[in-house]
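# have a look at this prediction, sequence included:
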Amino acid sequence: MTDKIKRHPLADIAPYPATVDDATADALVKHFAAFGLMHNWLATEFVPGKEDTQWRQSVACVVSSFTTAYMLAELEDKAGLQAADAAARELWSSWEAGDAVAGWLWQTASEFGLDMKVIERAADQVTQNIRAKAAGASPEVHPDQAEIPSP
């Protein structure tokens, strides 16, 4: 009974890969397509404003799932299965390691010319707004719509 409670509803139709060898492009495309569709359905069930947090989380899952599935499917189509599988395994390994994700984002953002100090100030503003809302205060702006402060 406990195993059934802990098991994800998509585990039998589009499981998240358990090992790096299982983490093929096809496996990740299937998993994220199913996961995104499940959250798309959830997003239609929750009402923005009334069940705002769950709705926003589901929409974020739809967007990130779409992005992962789309990019891997396109990579497979344009560069071939070998390239797509290599990218899928790198993604899976980064997710499983955890620490590689933020480092990659930081490096890539810097390489693309983003100012890390501006991003840090924006994150600080959003954090303050979230804490103010949690404490019952009215934040200046919605946490998802915080303006990025000028340098």
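Great, that's in hand.

# next up, the contacts around Val59.
His39, Ala43 (CB atoms under 8 Å, 6 or more residues apart in numbering). Using the backbone N, CA and C atoms, a C-beta is placed for each residue, glycine as well.

# so which helix or strand takes in it?
Element membership of Val59, judged by DSSP states H and E, is helix 52-79.

# what's the first helix or strand after that helix?
helix 81-97.

# in that next one, what's buried?
Ala84, Asp85, Ala87, Ala88, Arg89, Leu91, Trp92 (16 or more other CB atoms under 10 Å).

# so the helix holding Val59 versus helix 81-97, what angle?
Per axes from the mean of the first three to the mean of the last three CA atoms, to 10 degrees, the angle that helix 52-79 makes with helix 81-97 is 150 degrees.

# wait, which of the buried residues of helix 81-97 is closest to Thr44?
Here the nearest of these to Thr44, counting by CB to CB, is Leu91; it sits at 27.9 Å.

# got the domain ranges for this structure?
8-104, 115-151 (automatic domain parsing).

# and the first one, end to end?
With CA to CA, to the nearest Å as the measure, the ends of domain 8-104 fall 29 Å from one another.

# distance of the most centrally placed residue in the chain relative to Tyr70?
Taking CA atoms, centre = their mean, the centroid of the chain lies closest to Ser64, which sits 4.4 Å from it. Distance, Ser64 to Tyr70, by CB to CB, to the nearest Å: 11 Å.

# now whatever helix or strand Leu105 lives in: average pLDDT?
Following DSSP H and E, one finds Leu105 within helix 99-111. In this model, helix 99-111 carries a mean pLDDT of 92.

# returning to that earlier point: so of the domains of the chain, which one's packed in deepest?
Of all these, domain 8-104 has the most neighbours on average by mean count of other CB atoms under 10 Å, namely a mean of 15.
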